[in-house]
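Colleague: here are the coordinates; sequence isn't available:
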């Protein structure tokens, strides 16, 4: 009897994983799939198991149990069991989510990424995440609602290496959520439905269930794809800006006794977009904090609208003009 034809959804997810692995400059000996048990990560796990086997790469799944819902240990165990059946080496990490002012969703995300980072470091392997095109569109809309500029509208990067050297890969940013669900059905995989994904208390859920459907109905189909394309184009622009900034910054930045200083004349000679990016990058690199647009513009006024105004208080530091330089100093210095 001939083999059943391959489901188009399964083929699309496999192709996305294959392309993501092939694009890596240094092919890994192992990969880790962040597996929640939901349709997106489960479809990713199945595709990764197939593609890794064909490429001779070890494939490991890592499921994080946040212990925030009753039966979370059972959900994690079931996800791990399906991963094992697919041929992955399944790991389950139970974490304690520490509350903070960021809110429960952000706290759970921080705990999850910390656990995944630990596994990645131990395995010396990149982590594959199951974010889809729909997730990217939602992220862009959320960034737009906050008015947080191009950096937020870039959405999620397909590949990112963090400060700990861990590489995060999102192979499915060009794949719709409906496709991952169809791939699970075609593969006989039982996806877990996280009740938080239907809870309207979460802003992302309201964007997914209310805002995007309205945009699709009123503006026509293809809104999610258009938002994802916007993110990609802005990322390309940002990469070009970053290259320009790093070339410029070497000539205009000097270490000062209290912190770091930047030539006011050089800042003035640059367009506002580049000037503001330089200011944000200097503060982020030296003090590890991000500036809002309002804070950035206030610092820029020390260059463009200087009238003797005093030091500006910023998160973790101050900015003041001394002669022809803008000096950023840690607080208390």
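Modeller: Happy to help now that I have it. The model shown is predicted, which means the values in this text are computed figures rather than measured ones. Numbering: from 1, shown residues only.
Colleague: contacts, neighbours, all on C-alpha from now
Modeller: Fine.
Colleague: Does anything pack onto the helix or strand bottoming out on mean pLDDT in the chain? Which helices or strands?
Modeller: Within the chain, no helix or strand scores below helix 150-153, which has a mean of 72 by mean pLDDT, DSSP states H and E. Helices and strands touching helix 150-153, by 3 or more Cα pairs under 8 Å, 6 or more residues apart in numbering; DSSP states H and E, are helix 133-146, helix 223-252.
Colleague: which parts of that helix are buried?
Modeller: Neighbour-count burial for helix 150-153 flags 150, 152, 153 (criterion: 16 or more other Cα atoms under 10 Å).
Colleague: Then stretch 244-264?
Modeller: 245, 248, 249, 252, 253, 259, 260, 261, 262, 263, 264.
Colleague: Span of that stretch from start to end?
Modeller: One end of stretch 244-264 sits 18 Å from the other (Cα to Cα, to the nearest Å).
Colleague: Centre of the chain to that stretch, how far?
Modeller: The chain centroid and the centroid of stretch 244-264 are separated by 28 Å, computed with Cα atoms, centre = their mean, to the nearest Å.
Colleague: Which residues outside that stretch are in contact with it?
Modeller: Applying Cα atoms under 8 Å, 6 or more residues apart in numbering, the contact partners of stretch 244-264 are 266, 274, 277-278, 286, 303, 324-330, 333.
Colleague: And those residues, which is closest to residue 75?
Modeller: Closest approach to residue 75 among the contacts of stretch 244-264 (Cα to Cα): residue 286, at 42.5 Å.
Colleague: and that closest one, what is it in contact with?
Modeller: Counting by Cα under 8 Å, 6+ apart, residue 286 makes contact with 259, 260.
Colleague: Check which helix or strand it maps to.
Modeller: helix 272-287 (DSSP states H and E).
Colleague: hmm, who's touching the helix or strand just after that helix?
Modeller: Next helix or strand after helix 272-287 toward the C-terminus (DSSP H and E): helix 293-304. With contact meaning Cα under 8 Å, 6+ apart, helix 293-304 is reached by 148, 264-265, 267-268, 275-276, 279-280, 309, 312, 314, 319-321, 326.
Colleague: next one: stretch 215-227
Modeller: By Cα under 8 Å, 6+ apart, stretch 215-227 touches 133, 134, 136, 137, 138, 140, 141, 212.
Colleague: at 7 Å what do you get?
Modeller: For stretch 215-227, contacts defined as Cα atoms under 7 Å, 6 or more residues apart in numbering pick out 134, 137, 140.
Colleague: Which one (most neighbours) among those residues?
Modeller: The member of the contacts of stretch 215-227 that has the most neighbours, counting by other Cα atoms under 10 Å, is residue 137 with 27 neighbours.
Colleague: Spit out the contact partners of that residue.
Modeller: Applying Cα under 7 Å, 6+ apart to residue 137 gives the contacts 224, 227, 228.
Colleague: Put together TSV for those, with distance to residue 47 and neighbour count on each row.
Modeller: Below are the contacts of residue 137 laid out as TSV (distance: Cα to Cα, whole Å; neighbours: other Cα atoms under 10 Å):
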residue	distance to residue 47	neighbour count
224	23	22
227	26	22
228	22	26
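Colleague: rewinding a little: mind telling me which of the helices and strands packed on helix 150-153 the model trusts least?
Modeller: For those, mean pLDDT drops lowest on helix 223-252, to a mean of 86.
Colleague: Distance from the chain centre to it, please.
Modeller: That offset, for helix 223-252, works out to 15 Å (Cα atoms, centre = their mean).
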